[in-house]
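Trainee: The sequence and its predicted three-dimensional model are supplied below.
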Amino acid sequence: MPHLNTKEDLEIMGKQLLLDREKINKTLIVCGGTGCTASRSRDVIDALNKALVIQEMDSEVHLRVTGCHGFCEQGPIAVIEPGNIFYCHITPEDASDIVTKTLKNGEIVERLLYTDPVSGEKVRTESEIPFYQAQDRQLLFQNREVNPQSIEDYIAIGGFSALAKAFGTLAPEEIIREIKVSGLRGRGGGGFPTWRKWTECREVPGDEKYVICNADEGDPGAYMDRCVLEGNPFLVLEGMMIGAYAIGASKGYVYVRNEYPLAVKHARNAVQQARRFGLLGENILGSSFSFDVDVARGGGAFVCGESTALMASLEGKVGEPRPKDVHTVVDGLWHKPTTLNNVETWANIPSIILNGANWFASKGTKGSKGTKILALTGRIKNTGLVEVAMGTTIRHIVFDIGGGATNGKAIKAVQTGGPSGGCLPVDKFDLPVDFDVLYEAGSMVGSGGMVVMDESSCMVDVAKYFLTFLQDESCGMCVPCRLGIDRMLEIVTDITEGRGKLEQLDLLEELADTVTQTSLCGLGKTAANPVLSTLRYFRKEYEAHITSSKCSAGVCKALIEYSIDPEKCTGCGICLRACIHGAISGEKKEVHIIDAGLCQRCGICKSECKFEAIQVS
Amino acid sequence: MKSLQLESILRGRSSQPHQLIEVLQDVQENYGYIPEEAMREISQTLGVPLIEVYRVVSFYKIFKLKPNGKYVITICNGTACHVRGANLLQDQAVSQLGINPGEVTDDGLFSIEYVNCLGACALGPIASENGNFGHHMTPAKLRKFIDSIRSKEREEVGNASPQH
Amino acid sequence: MLHYVTINIDGADIKAPKGSSVLEVAIEYGICIPHLCHVPGLSDIGACRLCIVENVTNGRAVITTSCTLKVQEGMAIRSNTDRIKRLRHNIAELLVAEAPNSRAIQDIAVRCGVKEVRYPFRNSNCVLCGRCVRACAELWHANALGFVGRGKERHVERPLNMREEFCKGCDYCIQLCPMTITPCDGPMKPGEEYLCGKCESQLMITEEVPDSCAWCRLGEGFNCGRYAGLKAVR
């Protein structure tokens, strides 16, 4: 195993690996990330390997299993170079066609091409996919270039050269100055200026300092960090190393949530390989800088995404946050100066060092620079991870990239920033993705989750959903969060079940304000945002629930009724068999009836009826 | 089957209280739950008060005090899955199996768990069983899946029992 | 040798020993900041949030708990602004709605100005102040009690329900518990909980002269630091 002792060693190895790479005739890139794995990409990969052997092409074609490309709904996906051919929804049975037709003979397999849902046309190459074209895929693009389990792949494309540059030409203070000029702000939700965090930490006297990579990504609906850590763990490590060098830390931790086993595996593997190559350990690349990393797993607690709770968890304790009157950069892990940053924040560091701060700052708005990965999900045609320059409008993301509404329903709102964020209505869609602008509007960029909702979502129910989530995840220590969220949920539940009173809306707002101002940690402080933003922009829905007992989206069970339209019902009996409450009766080929007394409005029958005969009123 | 005994999990970690969560994770993986005797043993070896061990076990969702069923049906309750109707899957599972999340069916075969986001949001709603994901799930698909496990188990029992 | 810093609370310059918290200093000087989970001699966790104050730095007023805020030279604290009073009122309202069956909690509610409770009453027998847990761990090192569970499930329990193994029988947990101070009229029947407010007469003094310690019965039954100081002197 080659141990890289100097920067020159790294350079030489990089050049050699790049040469080897360029000698490869054909490359078959297949996504092996969590999303595609859920769509059986492992079986596809096995089938492709077998087919390559059968066709005796396994030495000519390099099969690269990569991390997530961000286009999960189209998975399993593959890209073939040269030619940049893009295939999607691949099954193991397609493997032999891909090998014999495309790889061997250069023919396109039409049925595997991507169909743009907006234009209806087939797209031949990856670079022509509208979903990708509309993005600025600085980080995401790298995922298709590397096998995340191969440090050689990473070095071949220039990996660790930012680190080498840092050692060669930049003193720690200069590195921090670069980060300052770049304008990088935390990508985990706080949006705190990264250079300030590093400066404060650097200035604390002491030899024992830590850097932490927060890969706890608890926001439901957000999976950017999973994608980056799973797909390009060495990039994250390199960022951490540069940061540790700038701050004066010699030990780092990557804290990954337990629900991401593949990310844990790839992070651990990356650390081991980096150690073997001498990129972690003593006197890295011949400098005086020594640094090592351990990977720790979370225990299943959203609150451990909060920095002090995460540190408590690393110390083997329960994830209970601590007051932050003294910042963690001064008194953090083991009471030592600690710099904690999000996966995406660390991932941006190497390119800032290599390309320069001005390159990064040339994208984005005045207060929010660079690109941001967003998890665009919900009721739109194109869902997946989207990387755009800060300042891109929500409208552009939802309609031009996302392709607009699915199922022909009207889009109603977008929820950004996870449970700490808020809902914005369509008339706010011209707002840019910008830390300060979205904060002023009552939401936040947060970690990047963006869930699009249409008229089938009830905004009061959305508030209830997030309050339920936060109640489950609260550590329970402080009164405003534990009791406050509980009482907010009690009021909102009253409203969804038809017991609401108008005075309760004022009480809800006052309580929300109290929880925000007096909670101990970020979870409590932002817990009221879903309620406050839906009250701000969708108050009429709350009022309709209270004064007219009406849920226009047809969601709140106490306020709706299910019935069967006799004109559409064919008597097929599917609903009768599907009903879990025994509320449907009817003879074969005759119109069926729902017993309102037994019906619990769960919605299962409606989801299975093929004739749209089940109505909600 | 468990491959590591408690003794080997604790080896090299004596008097290191900060290893508590890592130790418990190894125990959970190997035993499927955290037995009481294990908590006492861990408390002694690591030097952590027993109440603290118990506290950590009760705080983090992945630690279970009772073993799960043979098949754990995990339903994702993340925002994207919720918007796509995860609650339909939840109603289906609870009604079909007759248990609530956290409980085990009488025959010890099934448990239900709700998880707050598995990170496969574009493919929701997601239901998984012991790591095998089912995407774009509907109540009908889930019903068929649970039925298929049941008949598979019945077959195996039928094959295993001796002929009289 | 004790080192001192000068801090300003509500306009008054006060000499405070380094390492002490703003709450400790305030109590010592007879400035009343309502609190629940703080007990002199035990660590402070900032759980009840009643002792919140405004810490004015760089022109910004940051709300934080005074029990966890260590004194620093030149600190400016406001303990009784309208905003703080309203927030304290709301927190005390949540507490008394949760556990009305305790005279101590009822008195705190009155002290914080609660006149009506806008939530349905519940009848919890624990407010999770953590006094018992901390006393058991820090004074006696017995660790016979602890917090278990998360969020709504959080409660105080013995390790695996074994009492004899760890408990040293000191009874501090009972002495410090606010729930053991029962209402004068006796326990309230479930469904018939109410806001008592009868001890208003004494606590009204604190409304007339806010911040000042009134040597109230609430504090006495409660091991308020003022009384602890007195006991020490005697």
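Mentor: Looks like it arrived, so ask away. Numbers count the residues shown, from 1 in each chain, chains lettered A, B, ... in the order given.

Trainee: where do the helices sit along chain C?
Mentor: Counting by DSSP state H, chain C forms helices over residues C:22-28, C:82-98, C:103-111, C:131-134, C:172-176, C:200-208, C:217-221, C:225-233, given from the N-terminal end onward.

Trainee: Tally up the residues packed near B:Glu41, please.
Mentor: Counted with other C-beta atoms under 10 Å in any protein chain shown, residues neighbouring B:Glu41 total 18. From N, CA and C alone the C-beta is placed, and that goes for glycine too.

Trainee: Helix or strand for it, just tell me which one.
Mentor: Element membership for B:Glu41 (DSSP states H and E) is helix B:36-46.

Trainee: can you check B:Glu156 too?
Mentor: Here B:Glu156 sits within helix B:139-160, counting by DSSP H and E.

Trainee: Now do the buried residues in that helix.
Mentor: Judged by neighbour count (16 or more other C-beta atoms under 10 Å in any protein chain shown), helix B:139-160 contains these buried residues: B:Pro139, B:Ala140, B:Leu142, B:Arg143, B:Phe145, B:Ile146, B:Ile149, B:Arg150.

Trainee: residue nearest the centroid of the chain?
Mentor: I'll assume chain A. The geometric centre of chain A, computed from its C-alpha atoms, lies nearest to A:Tyr223 (C-alpha atoms, centre = their mean), at 2.3 Å.

Trainee: actually it's chain C I care about, not the one you picked
Mentor: By C-alpha atoms, centre = their mean, the mean C-alpha position of chain C lies nearest to C:Leu36, the distance being 1.5 Å.

Trainee: Quick check: that one vs C:Asp82, distance?
Mentor: Counting by C-beta to C-beta, to the nearest Å, the gap from C:Leu36 to C:Asp82 is 22 Å.

Trainee: cool, C:Ser66 as well?
Mentor: 18 Å.

Trainee: So which bits of the stretch 151-300 of chain A are right by chain B?
Mentor: Proximity of the stretch 151-300 of chain A to chain B (C-beta under 8 Å from any C-beta of the partner chain) is limited to residues A:217-223, A:226, A:258-261, A:296-300.

Trainee: could you redo the last one with a cut-off of 6 Å?
Mentor: Counting by C-beta under 6 Å from any C-beta of the partner chain, the residues of the stretch 151-300 of chain A lying close to chain B are A:Pro220, A:Gly221, A:Tyr223, A:Arg226, A:Asn258, A:Glu259, A:Gly299, A:Gly300.

Trainee: Out of those residues, which sit inside helices?
Mentor: Under the assignment DSSP H, these contribute A:Arg226 to helices.

Trainee: quick one: which of the residues of the stretch 151-300 of chain A next to chain B is most hemmed in?
Mentor: Among those, where neighbours are counted by other C-beta under 10 Å, the top count belongs to A:Tyr223, at 35 neighbours.

Trainee: Please look at it and B:Leu118 and confirm they touch.
Mentor: No - A:Tyr223 sits out of contact with B:Leu118 when judged by C-beta atoms under 6 Å, with a separation of 8.6 Å.

Trainee: which residues of the stretch 501-617 of chain A fall in strands?
Mentor: Counting by DSSP state E, counting those that start in this stretch, one finds strands in the stretch 501-617 of chain A at the ranges A:562-564, A:584-585, A:593-594, A:614-616.

Trainee: Does chain B have contacts with the last one?
Mentor: No - under the criterion of C-beta under 6 Å from any C-beta, strand A:614-616 makes no contact with chain B; the nearest approach is 13.0 Å.

Trainee: Return the distance of that strand from the chain's centre.
Mentor: Offset of strand A:614-616 from its chain centre (C-alpha atoms, centre = their mean, to the nearest Å): 35 Å.

Trainee: That strand pairs with which strands, parallel or anti?
Mentor: With DSSP bridges as the test, strand A:614-616 is paired with strand A:562-564 (antiparallel).

Trainee: Report the distance from the strand it pairs with to the chain centre.
Mentor: A distance of 38 Å separates the C-alpha centroid of strand A:562-564 from that of its chain, computed with C-alpha atoms, centre = their mean.

Trainee: buried stuff in it?
Mentor: Judged by neighbour count using 16+ other C-beta under 10 Å, the buried positions of strand A:562-564 are A:Tyr562, A:Ile564.

Trainee: How about stretch A:312-327?
Mentor: When burial is assessed from 16+ other C-beta under 10 Å, stretch A:312-327 yields the following buried residues: A:312-314, A:316-324, A:327.

Trainee: swap in stretch C:125-134?
Mentor: Of the residues in stretch C:125-134, those buried under the neighbour-count criterion (16+ other C-beta under 10 Å) are C:Val127, C:Leu128, C:Cys129, C:Gly130, C:Arg131, C:Cys132, C:Val133, C:Arg134.

Trainee: Save the residues you listed as CSV, and put in pLDDT and distance to chain A too.
Mentor: Formatted as CSV, the entries for those read as follows, by pLDDT from 0 to 100; distance: C-beta to the nearest C-beta, whole Å:
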residue, pLDDT, distance to chain A
C:Val127, 95, 8
C:Leu128, 95, 7
C:Cys129, 94, 9
C:Gly130, 94, 8
C:Arg131, 93, 14
C:Cys132, 93, 15
C:Val133, 95, 11
C:Arg134, 95, 12
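
Trainee: Closest one to chain B out of those residues, please.
Mentor: Taking C-beta to the nearest C-beta as the measure, C:Val133 is the one of these closest to chain B, at 8.6 Å.

Trainee: So that closest one sits against C:Leu145, correct?
Mentor: Yes - if you go by C-beta under 6 Å, C:Val133 and C:Leu145 touch, sitting 5.2 Å apart.

Trainee: quick one on the thing from earlier: ok, which of the helices of chain C comes nearest A:Val118?
Mentor: Closest approach to A:Val118 among those (C-beta to C-beta): helix C:82-98, 49.5 Å.

Trainee: Now do that closest one against helix C:103-111, angle only.
Mentor: Here helix C:82-98 points in a direction 150 degrees away from that of helix C:103-111 (axes from the mean of the first three to the mean of the last three C-alpha atoms, to 10 degrees).

Trainee: can you tell if helix C:82-98 touches chain A?
Mentor: Yes - with C-beta under 6 Å from any C-beta as the measure, helix C:82-98 is seen reaching chain A through C:Leu87, C:Asn90, C:Ile91, C:Leu94, C:Glu98.

Trainee: Can you pull out the residues in contact with that helix?
Mentor: Contacting residues not belonging to helix C:82-98 are listed as A:479, A:483, A:514, A:517-518, C:49-50, C:105, C:108-109, C:112-114, C:117, C:119, C:121-122, C:124 [C-beta atoms under 6 Å, 6 or more residues apart in numbering or on different chains].

Trainee: Now with 8 Å, please.
Mentor: For helix C:82-98, the external contacting residues (C-beta atoms under 8 Å, 6 or more residues apart in numbering or on different chains) are A:479-480, A:483-484, A:487, A:510-511, A:514, A:517-518, C:34, C:36, C:48-50, C:52-54, C:63, C:78, C:105-106, C:108-109, C:111-114, C:117-122, C:124, C:127, C:195.
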